[in-house]
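Asker: Everything below, folded, please.
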Amino acid sequence: QNRYFMRNYSLLISLFLVISVSAQQLVDGVAAIVGEKAILYSEIDQVTQLFAMQAQLPSYASQDAIQQLRTRALEELLNQQVLLEYARQETIEVEDRSVELQLEQSLQNIELQYGSLNKAAEAFGVERHKIKSYYEDQIRNNLLVEQVKMELFSDIKVSRREVEDFYVTWQDSFPDKNPQ
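Answerer: Numbers count the residues shown, from 1 in each chain. Prediction:
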């Protein structure tokens, strides 16, 4: 089962890990397909912007830095979709109550930030139910991904000695501790 998963995962990564950098500006398009789910360039752009904000990347950052973030964004989206596809195939589900609890918390946070869900919807330029629907989907997907990770990786044990051996073997692959 894990071998099947890893083989398909490797195949998907090798087939779809292609980001085209072109002078043309696409309105949107399909960057990759995992199972029945298409990953759009606009999704990659959204995740790239999130990564740039988290890294406090300045707006004048180099194209190389932005391209690295785009590649990382695509990898993250692919990883997530592969795990969601695995959950679908294995009929793994999350409890509706868990989703509802996290959704309530997220909506409360939005209301605190914007004053009300209606004001947030107005600020985002969408209808109120779309915000709720979007967050519900995101929460369900996040819970599914975490459940799949637990199922697949919870039995993996790595000793301190194995970590040290790995570090010694691959030491030249790690960035310098204090690059200057």
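
Asker: And the strands in this structure, which stretches?
Answerer: With strands called from DSSP state E, the chain shows them at 30-34, 37-40.

Asker: strand partners of the first one, parallel vs antiparallel please.
Answerer: Strand 30-34 has the following strand partners under DSSP bridges: strand 37-40 (antiparallel).

Asker: where in the chain is pLDDT low?
Answerer: In the predicted model of the chain, residues 1-27, 177-180 satisfy pLDDT under 70.

Asker: what sits against residue 90?
Answerer: If you count contacts by CB atoms under 8 Å, 6 or more residues apart in numbering, residue 90 has them with residue 148. From N, CA and C alone the C-beta is placed, and that goes for glycine too.

Asker: if I look at it, how far off is residue 140?
Answerer: As judged by CB to CB, to the nearest Å, residue 90 and residue 140 stand 16 Å apart.

Asker: hang on, the earlier thing: so which of the strands of the chain is nearest residue 160?
Answerer: Proximity to residue 160 (CB to CB) singles out strand 30-34 among these, at 35.5 Å.

Asker: which parts of the closest one are buried?
Answerer: 31, 32, 34 (16 or more other CB atoms under 10 Å).

Asker: Name the nearest residue to residue 118, ignoring sequence neighbours.
Answerer: Among residues not flanking residue 118 along the chain, residue 128 sits closest, at 5.8 Å (CB to CB, 6 or more residues apart in numbering).

Asker: Does the one you found touch residue 117 like I think?
Answerer: Yes: counting by CB atoms under 8 Å, residue 117 is a contact partner of residue 128 at 5.5 Å.

Asker: Roughly how far does residue 83 sit from residue 152?
Answerer: Residue 83 is 8 Å from residue 152, by CB to CB.

Asker: out of those two, which sits in the busier spot?
Answerer: When residue 83 and residue 152 are compared for neighbours, residue 83 comes out ahead with 23 against 16, by other CB atoms under 10 Å.
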